[in-house]
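In: Next one to model:
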Amino acid sequence: IMTPNQSLLSRIMDHKNLNIDLDNDEDFTGTSNFVSAKKTLNTTHATANIDLGATQIKLKDTSDNYLFEAANSSNNYFLSLNSETAKDSSVTLNLNGKTKKGINSKGNATVIKLNKNIIWDLNLDVGAADIQADLSNFKLRNLSIDAGASNLDLKLGYPQMLTNINIDAGASSIQIAIPR
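Out: Got it, this is the predicted structure:
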């Protein structure tokens, strides 16, 4: 029996096999293995802020029905997507992924699909990730990648009038294929 006045340390010592879970289940509310955002008729431009780590990222498929789709192969990796639409009908998407502490999600992959009829600004903030991105089917205005120890394999398509690319990477392998 514990009393409210008993110190936390003494309660832990009384229950030496106590399992302390630092993850708050509320942190995972609204997460799933699959997330998507519908395309509206007026949307011509979108920004996707992708914040993922400890996953393989495959960005190559297109979506005609959705503006954006993402699915992860693991039941231990959780995705959340927030969307904001501006007055000019441009959309900002924020994709986040995480695992619960102590859960092994090794070998998982996140497949991301973009609508090919939209002009995209892509911002990837990834830690340890293997990124395979075939962007040749997409209208890409800006690409920004902030990566830690990652493997980046990028294939670009024909640019808009101007496509800005910024890559900031730590100990990474980077391959970029650019059309002639």
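In: Name the helix or strand of this structure that has the lowest mean pLDDT.
Out: helix 8-14 (a mean of 51; mean pLDDT, DSSP states H and E).
In: okay, the helix or strand that comes right after that one in PDB with CA atoms only?
Out: Downstream of helix 8-14, the first helix or strand assigned by DSSP states H and E is strand 34-38. Listed next in PDB are the C-alpha coordinates belonging to strand 34-38 (Å, rounded to 0.1, in the frame of the first residue of the first chain):
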ATOM      1  CA  PHE A  34      -1.600   5.200 -43.300                       C
ATOM      2  CA  VAL A  35      -2.300   8.900 -43.600                       C
ATOM      3  CA  SER A  36      -3.600  11.000 -46.500                       C
ATOM      4  CA  ALA A  37      -4.800  14.400 -47.600                       C
ATOM      5  CA  LYS A  38      -7.500  15.000 -50.200                       C
END
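In: Can you tell me the strand partners of strand 34-38 and which way each runs?
Out: Paired neighbours of strand 34-38 in the sheet (DSSP bridges): strand 66-72 (antiparallel).
In: continuing past the partner strand, what's the next helix or strand?
Out: Taking DSSP H and E, what comes next after strand 66-72 is strand 77-85.
In: Can you work out which other helices and strands pack against that following strand?
Out: Packing contacts for strand 77-85, counted by 3 or more CB pairs under 8 Å, 6 or more residues apart in numbering; DSSP states H and E, involve strand 34-38, strand 66-72, strand 91-99. Just so you know, the C-beta spots here come from the backbone N, C-alpha and C atoms, and that holds for glycine as well.
In: and if we set it to 6 Å?
Out: With contacts defined as 3 or more CB pairs under 6 Å, 6 or more residues apart in numbering; DSSP states H and E, strand 77-85 has these neighbours: strand 34-38, strand 91-99.
In: quick one: contacts of that strand?
Out: Strand 77-85 has contacts (CB atoms under 6 Å, 6 or more residues apart in numbering) with 28, 30-31, 35, 37, 70, 72, 91-99, 105, 108.
In: between it and strand 66-72, what angle do the directions make?
Out: 160 degrees (axes from the mean of the first three to the mean of the last three CA atoms, to 10 degrees).
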